[in-house]
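1. Sequence first, then the predicted structure, then my questions.
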Amino acid sequence: MSLTLAWYINWVKTWDISPKETIDWYLQKADWNSFNAFARIHNEYASTNIEAFSSLWLCWAPISIKDNFLVQWTISSCWSKMLEDFVSPYTSTVIQNLEKAWGLMIWKTNMDEFAMWSSTETCYFGNVLNPLDLSRVPWGSSWWSAASVAWDLCLASIWTDTAWSVRQPAAMCGVVWVKPTYWRTSRYWIQAMSSSLDQAWVITKTVEDAVLLLESISWQDNFDAMTIYRSNDTTDWNISLQSDDLSWIKLALPREFLSEWLDDRIRDRLDHTIEIAKKLWATVDIVEVPLLSYWVPTYYILCPAEVSSNLSRFDGIRFWLWNQTDTFESIDDYYSTIRQQWFWPEVLRRIMVWSYVLSAWFYDAYYKKAQQVRSMMTRQIDWIFDSYDAIIWPTSPILPWKLWELSSDPVQMYLADIYTVIANLAWIPAATIPMWNVKEAGYSLPTWFQIMTKHRDEATMFRIASVLESSLS
């Protein structure tokens, strides 16, 4: 079994393992990387900070981060030609919290351009492969993080998730993913695709590791007014993983998620998981979520609108890429040429869609209406939590597919997100836990389920996840 974060911290504190030797080992493994998970390896950053970090909470544990987290004096390109050589003058609050706790950022990982699309097929610098089957996609714009953790190229990873970016790749690579309540982690100096949906999450090998890492980065930030105040004795963060059964829990399973688009093999493994939960004395009821079919359309109106606004700053002039504007006949000619050449087709597609829904003629019909539907759907989820402690359902309706298999069918790929967009739109915490594997073309591919709880109730989510993780292992 690969080294976990909890084991690493314990062994460092008992002098059974050396932080420097561990880092050197993982740096060597990164050099052997065959599935393109890392954009850059920051050896100088590691050598400069190792002594200072080794005595702190995370004991200089090697962590990978997504390339849209800004780290001072390092390149943060979002894997786009537009920011290929951009060196950040700032460090994001999440990374500052990581450094204060102990974590050592060594790797910047691969990602879809500006976190758009899902299957690694729109990366300017190349695709990432699924470590369980190199012919398949790891899915989600944070697949680099999931792949690096699954392949044991790092102890854990931090990334951003807009709707599926973390849960989907964590599921398809067979690792643990945790999304906290929207206000838990700071968004300061993170290049967000969609500001009301994006936030920092963690990918780890175990639930216990997720608790350790999330506690380290979740603090109030004066530069992000949305973050929640939390002191060491705050009751809503009193997380205990010690529980032998689920007799205290009531779980809701949405009927609409057990539909024809759910792969039979995933449905079968989910049924087994529910049976185990019942054997652990949990109450599991089927509930109705009438507006389920509207989640994905609502997301693909709201998210593109915010993306169009956030990407307007990238014009090739700022952020040090291009300054020869005198070679163009007009500024319009310059913008159309530069953005067409340096943005990939998926980015251009979303900018066009998002600009359309924000236009004066269609704002009320699309964007405003989508915001109203989002409020209605959020109230529906809140009503479920009035009677139940958590919602349980699959993470994805399909297994990992072959590289380029669905690239010509964006609608089919968008629909794969139907089970994950809810947590982001409703701003609630969620976690993905691997279930049993299934055989596909000679490979052992993971199946998965996710747990969602009400706002600020990560403690319940972690306790359920910990019990089921032990029971399913």
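-> Yep, it's here.

2. In the stretch 351-473 of the chain, what residue spans correspond to strands?
-> 390-394, 430-440, 443-452 (DSSP state E, counting those that start in this stretch).

3. what do you get for the chain?
-> 38-41, 62-66, 104-109, 156-161, 176-179, 199-204, 250-254, 283-287, 390-394, 430-440, 443-452 (DSSP state E).

4. Mind giving me the packing neighbours of the fourth one?
-> Yep, that's strand 156-161 we're talking about. Judged by 3 or more C-beta pairs under 8 Å, 6 or more residues apart in numbering; DSSP states H and E, the packing partners of strand 156-161 are strand 62-66, helix 93-101, helix 143-150, strand 199-204, helix 207-217. (C-beta placed from N, C-alpha, C; glycine too.)

5. Need the winner for burial among the ones you listed.
-> helix 143-150 (a mean of 32; mean count of other C-beta atoms under 10 Å).

6. Run the angle between that one and helix 207-217 for me.
-> In terms of direction (axes from the mean of the first three to the mean of the last three C-alpha atoms, to 10 degrees), helix 143-150 departs from helix 207-217 by 130 degrees.

7. is it possible to export the strands of the chain to CSV including mean pLDDT and distance to I266?
-> Formatted as CSV, the strands of the chain follow (pLDDT from 0 to 100; distance: least, C-beta to C-beta, whole Å):
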stretch, mean pLDDT, distance to I266
strand 38-41, 70, 30
strand 62-66, 86, 27
strand 104-109, 74, 27
strand 156-161, 85, 21
strand 176-179, 86, 16
strand 199-204, 87, 20
strand 250-254, 94, 14
strand 283-287, 94, 17
strand 390-394, 91, 5
strand 430-440, 81, 8
strand 443-452, 83, 5
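
8. hey, where'd the helices end up in the stretch 351-473 of the chain?
-> 369-387, 410-415, 421-426, 458-472 (DSSP state H, counting those that start in this stretch).

9. For the last one, which residues meet the burial criterion?
-> Judged by neighbour count (16 or more other C-beta atoms under 10 Å), helix 458-472 contains these buried residues: 458-469.

10. repeat for the longest one
-> By neighbour count on 16+ other C-beta under 10 Å, the buried set for helix 369-387 is 370, 373-374, 377-378, 380-381, 384-385.

11. looking at it, Y419 is touching W393, isn't it?
-> Yes: counting by C-beta atoms under 8 Å, W393 is a contact partner of Y419 at 5.8 Å.

12. of those two, who's got more company?
-> Y419 (28 against 21; other C-beta atoms under 10 Å).

13. Find me the pLDDT at the more buried one, would you?
-> Model confidence at Y419, given as pLDDT, is 82.

14. State the distance from it to V284.
-> 17 Å (C-beta to C-beta, to the nearest Å).

15. ok, now which ones touch S77?
-> 39, 67, 83-86 (C-beta atoms under 8 Å, 6 or more residues apart in numbering).

16. err, V207, not the other one
-> Applying C-beta under 8 Å, 6+ apart, the residues near V207 are 176, 178, 241, 431, 433, 462, 465-466, 469.

17. re earlier: nearest to L291 among the buried residues of helix 369-387?
-> M377 (4.9 Å; C-beta to C-beta).

18. how close does that closest one sit to R318?
-> If you go by C-beta to C-beta, the gap between M377 and R318 works out to 37 Å.

19. Can you report how many residues neighbour E329?
-> Neighbours of E329 under the rule other C-beta under 10 Å: 7.

20. Mind pulling the model confidence for it?
-> 86.

21. so what's the backbone phi/psi at it?
-> phi -70, psi -30 (degrees, to the nearest 10).

22. Please report the distance of it from Y335.
-> 12 Å.

23. And C78, by the same measure?
-> For C78 relative to Y335 (C-beta to C-beta), the value is 19 Å.

24. cool, and P394?
-> P394 is 42 Å from Y335, by C-beta to C-beta.

25. residues contacting A163?
-> 197, 299, 303, 417, 420-421, 424-425.

26. V87: neighbour count?
-> Neighbours of V87 (other C-beta under 10 Å): 15.

27. Pull the contacting residues for it.
-> 73-76, 320.

28. ok, 10 Å please
-> Residues near V87 by C-beta atoms under 10 Å, 6 or more residues apart in numbering: 70-77, 319-320.

29. ranking the residues you listed by neighbours, who comes first?
-> S76 (27 neighbours).

30. Dihedrals phi and psi, that residue?
-> Dihedral angles of S76 (phi, psi; degrees, to the nearest 10) stand at phi -130, psi 90.

31. How confident was the prediction at it?
-> 86.

32. cool, K402 as well?
-> pLDDT at K402 comes out at 69.

33. Any stretches of the stretch 101-250 of the chain with poor pLDDT?
-> Across the stretch 101-250 of the chain, the ranges flagged by pLDDT under 70 are 102-104, 117-129, 132, 135, 137-144, 164-172, 230-243.

34. Please repeat the previous calculation with a cut-off of 50.
-> In the prediction, the stretch 101-250 of the chain carries residues with pLDDT under 50 at positions 232-237.

35. ok, now which residue in the protein is the farthest from the centroid?
-> E329 (42.2 Å; C-alpha atoms, centre = their mean).

36. list the contacts for the closest residue in space to F69 that isn't next to it in sequence?
-> Take F69 and drop its neighbours on the chain: the residue closest to it by C-beta to C-beta, 6 or more residues apart in numbering is S92, 5.0 Å away. With contact taken as C-beta under 10 Å, 6+ apart, S92 is in contact with 65, 68-72, 76, 98, 158, 185-191, 200, 217, 221, 223.

37. Then I63?
-> Residues in contact with I63 (C-beta under 10 Å, 6+ apart) are 5, 95, 98, 102-107, 145, 148-149, 154-158, 202, 204, 213, 216.

38. bridging residues for it?
-> Note on I63: beta-bridge partners M105, A156, judged by DSSP bridges.

39. Distance of it relative to I17?
-> For I63, the distance to I17 - C-beta to C-beta - is 16 Å.

40. Then I384?
-> Distance from I384 to I17, by C-beta to C-beta: 44 Å.

41. can you put the contacts of A163 in CSV and add distance to A252?
-> Formatted as CSV, the contacts of A163 follow (distance: C-beta to C-beta, whole Å):
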residue, distance to A252
L197, 23
Y299, 21
C303, 26
D417, 21
T420, 17
V421, 18
N424, 19
L425, 18
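
42. Thank you, goodbye.
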